[in-house]
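> Sequence plus predicted model, see below.
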Amino acid sequence: MRDLLNQIQMALNLNLYYLALFVSLSIPDVCGAIESENGKAKKSRYINWFDKYVSHKYGDILTGEDCYYFRCSLLHRGSSQHQKSTFSRVLFIEPLLTTNIIHSSIANDALIIDVRIFCTDIIEGVLDWLRQNEGTELYERNYDKFMRRYPQGLSPYIKGVPVIS
């Protein structure tokens with residue numbers, strides 16, 4: 001999991017905002033599935049995870065439900081607009097070369113979020129979640145199935161070559 005978080009951070013550092021955003025939006029699904037009895041993602045798990053670990057940073061502006069709808073529209077349709085969302089669209093501002101930050105605000109009926117801050121908020125939420133869940137029986141059972149990087153290969157399939165599986 002930490003490898004994935006590190007790669008999100010590397011994407012942000014390289015201004016690869018699409019990559020960082022797509023992966024960040026999938027993280028609440030992964031965490032919700034890992035901490036569930038059946039190891040499966042579900043809308044309610046996504047919403048609950050986001051509300052518990054991230055939404056407090058956004059006051060009443062961004063809820064788990066709105067983030068879930070944005071996740072659906074982006075990951076499944078490549079869109080920032082979802083018919084069930086509170087907002088007509090979500091605008092992610094790339095960090096500017098000035099000290100001005102536009103984040104967690106609304107313009108007309110659109111939500112405006114700084115992409116770097118949002119992805120960092122997800123990373124911090126996962127780190128909090130890991131502190132609470134690593135080592136638990138559910139975490140260990142479900143994380144065993146989580147796709148991750150094996151720097152020396154994955155025996156008995158491939159040895160000596162990095163593998164993601």
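Yep, that arrived.

> looking at this protein, which helix or strand is least sure?
Within the chain, no helix or strand scores below strand 105-107, which has a mean of 82 by mean pLDDT, DSSP states H and E.

> per-residue confidence averaged over the helix or strand that comes right after that one?
Heading C-terminal from strand 105-107, the first helix or strand you meet, by DSSP states H and E, is strand 110-114. Here strand 110-114 scores 91 as its mean pLDDT.

> helices or strands next to strand 110-114 in the packing?
Contacts defined by 3 or more C-beta pairs under 8 Å, 6 or more residues apart in numbering; DSSP states H and E place strand 110-114 against strand 89-93, strand 105-107. Every residue, glycine included, has its C-beta placed from N, CA and C.

> Contacts only, for the residue sitting nearest the centre point of the chain.
Centroid-nearest residue in the chain, with C-alpha atoms, centre = their mean: residue 24, separated by 2.6 Å. For residue 24, the contact set (C-beta atoms under 8 Å, 6 or more residues apart in numbering) comprises 8, 118-119, 122-123.

> Report the two of those residues separated the most.
The distance between the two most remote of the contacts of residue 24 (C-beta to C-beta) is 10.8 Å, for 8 and 118.

> Over to stretch 157-165 now: how far is its first residue from its last?
Length of stretch 157-165, first residue to last, C-alpha to C-alpha, to the nearest Å: 11 Å.

> now stretch 57-66
End-to-end distance for stretch 57-66: 14 Å, by C-alpha to C-alpha.
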